[in-house]
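In: Could you work out the structure for the sequence below:
(one chain, ligands or ions: 1)
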Amino acid sequence: MDKQGLSREEVFQELQGYQKQDLTHRSGKILGSMCTCPHEVGRDAYSMFLESNLGDPGLFTGTQRLENESIDIIGSFLGLNKVFGHIITGGTEANIMAMRAARNYSGIKNPEIIVPKSAHFSFKKASDMLCLKIKEAELDSNYKMDLGSVEELLSDKTVAVVGVAGTTELGKIDPIQDLSKLCQERNIYLHVDAAFGGFIIPFLKELDYDLPNFDFSLDGVCSITIDPHKMGLAPIPTGCILFRDEKYLDVMSIETPYLTEKRQSTIVGTRSGASAAATWALLKYMGKEGYMALAKKCMEITKTLVHGIRELGLELITEPELNIVAFKSKKMSIDELAQKLNDREWAVSISSYPRAIRIIVMPHINKEHINKFLADLKQITVNY
Ligand code: 0PR
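Out: Below you'll find the predicted structure:
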């Protein structure tokens with residue numbers, strides 16, 4: 001560390017130098033990310049609440065109200081008016097909290113969880129941290145969790161089944177309705193990971209897209225992960241975990257004797273109130289119609305992309321259900337194609353199952369970006 005500090009100007013000049021090395025969402029070049037440019041309303045609300053700590057909410061009662069109201073609003077578009085939960089750092093923390101609640105609630109020794117093969121890697125972290133044996137259910141021909149496989153994996157040690165609404169790699173929605181029935185019959189905790197899908201599926205359904213139910217309107221669903229920092233447009237880090245019943249928060253609460261709140265259920269202690277303020281501000285500012293318009297725009301651009309990919313004779317892995325597109329070429333390997341796109345500064349990602357070029361049409365992607373991308377893709381693939 002330098003003995004003497006730099007001037008404010010020097011510090012910010014250096015910071016700018018570092019910032020220039022980053023890619024920006026605004027450039028439209030980031031095609032493989034589930035994050036996006038935070039909306040200015042969320043950004044301003046976030047900066048306004050920088051000192052607020054929800055780890056000691058009695059000191060920040062206004063922020064706590066913002067968190068509670070956000071939870072109520074999100075619950076209301078996920079099928080239940082009274083839900084219980086928190087605004088946290090993201091999908092990973094939410095999934096870990098859900099698995100911790102399920103494990104503690106069951107009280108079962110040597111606990112196991114069943115997740116689809118397509119589940120996000122955060123469940124592997126949960127399994128490691130919470131000593132849960134993870135069992136992966138097979139996918140059907142449409143890359144959705146196979147119910148038969150789930151039934152085969154169930155045992156008297158199963159503490160939770162997880163379904164995904166908007167899988168990380170292909171944006172698929174698992175058959176949550178069937179899982180809900182199955183879990184209710186067997187009295188097993190069902191968690192839905194809608195980190196990605198939670199802020200788009202309900203609004204597409206309002207627009208009459210034919211998508212399945214996945215939320216608390218299904219009686220077997222005990223908890224839902226939904227990330228404001230993905231399709232919700234909030235600044236990072238902003239996640240959300242919702243539980244149907246307060247008892248699931250209670251079974252993981254720890255005594256916090258000297259704080260303004262006597263018990264705490266979150267993993268994190270000191271916790272950003274800014275994320276709650278940003279979530280609240282965006283829910284109020286966007287309203288249902290704002291999120292519907294956003295969802296519609298993303299799906300229309302997805303359609304343009306899908307059409308272009310087909311026209312180039314490339315192979316779609318599956319018909320997209322949401323704004324995630326995966327494709328491959330019959331002539332070129334995935335790695336070579338990704339490299340050639342990368343050489344033209346397109347930051348695409350590669351899905352692992354099945355291996356394919358994966359594009360997430362987030363709100364920062366507009367039609368012009370997609371047209372430029374398709375033009376580059378044409379140059380790369382035609383005459384190869
Ligand atoms: N659940 C699902 C279904 C997810 O897709 C993700 C993350 C998570 C949980 C975990 O959420 P957090 O990352 O908020 O903890 N999905 C993206 C992924 O892993 C996250 C991401 C975002 C990755 C931007 C890269 C990137 O540039 O692919």
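In: so after the top helix by length along the chain, what's the next helix or strand?
Out: Criterion DSSP state H: the longest helix present in the chain is helix 273-311. As assigned by DSSP states H and E, the chain's next helix or strand after helix 273-311 is strand 315-316.
In: who does that following strand pair up with?
Out: strand 324-328 (antiparallel) (DSSP bridges).
In: quick one, the strand it pairs with and helix 273-311 angle?
Out: 40 degrees (axes from the mean of the first three to the mean of the last three CA atoms, to 10 degrees).
In: Doesn't Glu136 belong to a strand?
Out: Yes. With DSSP: H, G, I helix; E, B strand; the rest coil as the criterion, Glu136 is part of a strand.
In: List the buried residues in the longest helix of the chain.
Out: 273-283, 286, 290-292, 294-299, 301-302, 305-306, 308-309 (16 or more other CB atoms under 10 Å). (C-beta placed from N, C-alpha, C; glycine too.)
In: Then stretch 358-367?
Out: Neighbour-count burial for stretch 358-367 flags 358-365 (criterion: 16+ other CB under 10 Å).
In: Also stretch 50-64?
Out: Burial within stretch 50-64, assessed by neighbour count using 16+ other CB under 10 Å, is assigned to 52-57, 59-60, 63-64.
In: show me which of the residues you listed neighbour the ligand.
Out: Among the buried residues of stretch 50-64, no residue sits close to the ligand (CB under 6 Å from any ligand atom).
In: out of those, which are inside helices?
Out: Per DSSP H, the subset of these in helices is 63-64.
In: so which of the buried residues of stretch 50-64 comes closest to the ligand?
Out: Leu54 (17.7 Å; CB to the nearest ligand atom).
In: Enumerate every residue touching the residue lying closest to Leu218 once chain neighbours are set aside.
Out: Excluding the flanking residues, the one nearest Leu218 by CB to CB, 6 or more residues apart in numbering is Ser180, at 3.9 Å. Neighbour list for Ser180: 190, 218-221 [criterion: CB atoms under 8 Å, 6 or more residues apart in numbering].
In: and the residues you listed, which two are the farthest apart?
Out: Leu190 and Asp219 (9.7 Å; CB to CB).
In: ok, these two, which is more surrounded?
Out: More neighbours surround Leu190 than the other of Leu190 and Asp219, with 26 against 13 (other CB atoms under 10 Å).
In: and the more buried one, helix, strand or coil?
Out: Leu190 - assigned by three-state DSSP - is strand.
In: That one against Thr158, yeah?
Out: No. Applying CB atoms under 8 Å, one finds Leu190 not in contact with Thr158, separated by 10.8 Å.
In: about what we covered before: mind putting the buried residues of stretch 358-367 in CSV, secondary structure, pLDDT and distance to Tyr46 included?
Out: Output for the buried residues of stretch 358-367, formatted as CSV (DSSP: H, G, I helix; E, B strand; the rest coil; pLDDT from 0 to 100; distance: CB to CB, whole Å):
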residue, secondary structure, pLDDT, distance to Tyr46
Arg358, strand, 98, 29
Ile359, strand, 98, 28
Ile360, strand, 98, 23
Val361, coil, 98, 25
Met362, coil, 98, 19
Pro363, coil, 98, 17
His364, coil, 98, 18
Ile365, coil, 98, 23
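In: Quick one: the helices in the stretch 151-300 of the chain, in order.
Out: 176-186, 201-206, 247-250, 273-311 (DSSP state H, counting those that start in this stretch).
In: where along the protein do the strands fall?
Out: Here the chain has its strands, by DSSP state E, at 84-88, 112-116, 133-137, 158-164, 189-193, 221-225, 239-243, 254-255, 263-264, 315-316, 324-328, 349-352, 355-360.
In: Residues touching the third one, excluding its own?
Out: Counting by CB under 8 Å, 6+ apart, the neighbours of strand 133-137 from elsewhere in the structure are 110-117, 119, 123-124, 127, 145-146, 149-150, 153, 157.
In: among the residues you listed, which ones are buried?
Out: Among the contacts of strand 133-137, those classed as buried by 16+ other CB under 10 Å are 111-116, 119, 123, 127, 145-146, 149-150, 153.
In: thinking again about what came up before, in a markdown table, list the buried residues of stretch 50-64 along with pLDDT.
Out: Shown next, in a markdown table, are the buried residues of stretch 50-64 (pLDDT from 0 to 100):
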| residue | pLDDT |
| --- | --- |
| Ser52 | 98 |
| Asn53 | 98 |
| Leu54 | 98 |
| Gly55 | 96 |
| Asp56 | 96 |
| Pro57 | 96 |
| Leu59 | 97 |
| Phe60 | 98 |
| Thr63 | 98 |
| Gln64 | 98 |
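In: In JSON lines: the buried residues of stretch 50-64, plus distance to Gly75.
Out: Below are the buried residues of stretch 50-64 laid out as JSON lines (distance: CB to CB, whole Å):
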{"residue": "Ser52", "distance to Gly75": "22"}
{"residue": "Asn53", "distance to Gly75": "24"}
{"residue": "Leu54", "distance to Gly75": "18"}
{"residue": "Gly55", "distance to Gly75": "22"}
{"residue": "Asp56", "distance to Gly75": "24"}
{"residue": "Pro57", "distance to Gly75": "19"}
{"residue": "Leu59", "distance to Gly75": "25"}
{"residue": "Phe60", "distance to Gly75": "22"}
{"residue": "Thr63", "distance to Gly75": "19"}
{"residue": "Gln64", "distance to Gly75": "16"}
